[in-house]
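**Student:** This is the structure alone, sequence omitted:
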């Protein structure tokens, strides 16, 4: 609800097009997720900017936003 209060133009769109409510809810959960980052462990070498790095079994922090 806070996102809609902060974005009244989007709230107006949802009021006129209720079919968009489900996707708006999913987007709000994605944007305001309580899990803003998490850690994964790589299982193979990883390419960053076309450079292969040997990061096997090292933790990598992933940001969701």
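**Tutor:** Thanks, I have it. Nothing here was measured: the structure is a model prediction, and the numbers come from that model.
**Student:** so how far is residue 27 from the residue lying closest to residue 11 once chain neighbours are set aside?
**Tutor:** Setting aside the residues directly before and after it, residue 11 is nearest to residue 4 in space (C-beta to C-beta, 6 or more residues apart in numbering), at 4.3 Å. Using the backbone N, CA and C atoms, a C-beta is placed for each residue, glycine as well. Summarising the geometry, the distance separating residue 4 from residue 27, computed by C-beta to C-beta, to the nearest Å, is 11 Å.
**Student:** elements contacting the longest helix seen in the chain?
**Tutor:** For the chain, the helix reaching the highest residue count under DSSP state H is reported as helix 21-31. Using 3 or more C-beta pairs under 8 Å, 6 or more residues apart in numbering; DSSP states H and E as the contact criterion, the neighbours of helix 21-31 among helices and strands are helix 8-16.
**Student:** mind checking how far the helix it packs on is from the chain centre?
**Tutor:** For helix 8-16, the separation from the chain centroid amounts to 22 Å (computed by C-alpha atoms, centre = their mean, to the nearest Å).
**Student:** where's residue 40, which helix or strand?
**Tutor:** For residue 40, the element it lies in under DSSP states H and E is strand 37-41.
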